[in-house]
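Novice: Need coordinates for the following:
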Amino acid sequence: MRTPVLSVWLLTVMAWGLAACGEDSLEVLQEEASDCPELPAMRLGAAPPAAVVLNAYYLQEDAARALRRGQSEAPTVEETFAKASALGAWAVRTNGYNDAADKRGDTALQVAPLQYDELSLRGLDLVLTRAAAYGVKLVLPLGNYWDAYGGARRYVEWAGLPAPVEGDPRFFTERAVIEHYKAHIARLLSRVNTFDGLRYGEHPAVLAWELLNEPRGKGLDAEGAAMRAWVDEVAAVVKQYAPGHLVGTGEEGFDTSPEGYDTRFWRGAASHSFYEGGSSFRRNTASPLVDFASVHFYPEAYGVEREATARAGAHWFSEHAALARNVGKPLFIGEFALRNREGFSLDERRALYRGWLRCAWRTGAGASAPWMFANDGRPDEWDGFTFYFRDGTVPADPRNRYADLVLEAAALAGQR
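Specialist: Numbers count the residues shown, from 1 in each chain. Down below sits the predicted model:
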């Protein structure tokens, strides 16, 4: 149907108005997400203040499979490090563990208690060597709370304890389990890389080791004493075998009391409390054996209300940064993300990510790491939070989602 000229004019004016409203709305989101106090910068080791880190958990797996196929290099490892370097990322955070029963003979590192698959270990060797070649540092978690790649449950199974579950609290309290985990860490950090002859605990590619990915205190004491004891004991082993590397807990930032947090804001912002677990961010960060504070932020999973999401990220980052600063330590925002296929639009997510990256810079955080950077061959469906820097594109190409924001934040890093 033909539209009268006047109607066309009205529709055009309305479209301009809607676009302006949309731009205003995005600007508000970005401002709320970046509404953080400006504090002196703190550094994560030699990294520039507010350095950008990319999460790419899959590198050891891809390297091991390439070696198992008889290849001398792993194309996806090369691609990931090359693109991380091109975007100005200081480091890549990737798995330093793989205990999965279903990956035995494929990519699992530890296939039975203190028994290892040499070819899979060579996959991790290759990751360290190639990171050094590209001038990219590594942040390596040593294990997982969740079942993926083995997790806490796997160690409890190996100890022969009954009815193991995901995130089993006995991982942190049973002496046999703790001793096994410590012995494994000692073995791993003592390994001599088959490609470059460097011991893991002295490898220049490593920026930091994390004690566990996302340890939670479910089933432990309300004060967080058991988790803190575990942190001290395991961190001491890392310090012994990797004295020149930084050590972090890998936690998400939950706590056992609201002290030091804006409780009035959080009561209205989220559907559940962040202060009821058996692990205390404040207590763990204060350990003399921990070099930096660790948080993650997944507002949709944490029950944060949609309208509070922007400010919730700003609060989460700045409050934890202030608590870490109180004990003289930088904050590492080890993961943060919003789902790609539900909730916020891409433009809204971009506004939030840009704001949160700016918040990390303003509040003096040591580094921040959006989840999850994918190589071109990794389908979106493998992870609900992927972003890319696809071959043949510029970072700002919408198909990449956030690559230009990483480049922008990396350029800003150190300008304080």
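
Novice: need the contact list for Tyr302.
Specialist: Tyr302 is in contact with Ala270, His272, Phe274, counting by C-beta atoms under 8 Å, 6 or more residues apart in numbering. Where C-beta positions appear, they are placed from N, C-alpha and C, glycine not excepted.

Novice: what's the lowest-pLDDT member of the residues you listed?
Specialist: For the contacts of Tyr302, the weakest pLDDT value sits at His272, with 82.

Novice: secondary structure class for it?
Specialist: Counting by DSSP: H, G, I helix; E, B strand; the rest coil, the backbone at His272 sits in coil.

Novice: That one and Trp266, how far apart?
Specialist: 10 Å (C-beta to C-beta, to the nearest Å).

Novice: Which of the two has more residues huddled nearby?
Specialist: Trp266 (20 against 10; other C-beta atoms under 10 Å).

Novice: pLDDT score for the more buried one?
Specialist: Value for Trp266, per-residue pLDDT: 96.

Novice: Counting neighbours, show which residues of the helix or strand hosting it come out buried.
Specialist: According to DSSP states H and E, Trp266 maps onto helix 263-269. Buried residues in helix 263-269, counted by 16 or more other C-beta atoms under 10 Å: Trp266, Ala269.

Novice: Ala374 versus Phe389, what's the distance?
Specialist: Taking C-beta to C-beta, one finds Phe389 at 9 Å from Ala374.

Novice: Just the strands from this protein, written as ranges.
Specialist: Applying DSSP state E to the chain gives strands spanning 51-55, 91-93, 110-112, 115-116, 137-141, 206-210, 246-248, 293-297, 331-336, 367-370.

Novice: I'd like the C-alpha coordinates of the last one written as CSV, please.
Specialist: Listed in CSV are the C-alpha atoms of strand 367-370, where the atom choice follows Å, rounded to 0.1, in the frame of the first residue of the first chain:
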residue,chain,number,x,y,z
ALA,A,367,42.5,-6.2,35.6
SER,A,368,39.2,-7.3,34.2
ALA,A,369,38.3,-10.2,32.0
PRO,A,370,35.0,-10.5,30.0
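
Novice: Outside of it itself, list whatever touches it.
Specialist: Contacts for strand 367-370 (C-beta under 8 Å, 6+ apart): 44, 47, 50-55, 90-91, 93, 139, 317, 330, 332-337, 353, 356-357, 360, 387, 402, 405-406, 409.

Novice: how about stretch 202-210: buried residues?
Specialist: Judged by neighbour count using 16+ other C-beta under 10 Å, the buried positions of stretch 202-210 are His203, Ala205, Val206, Leu207, Ala208, Trp209, Glu210.
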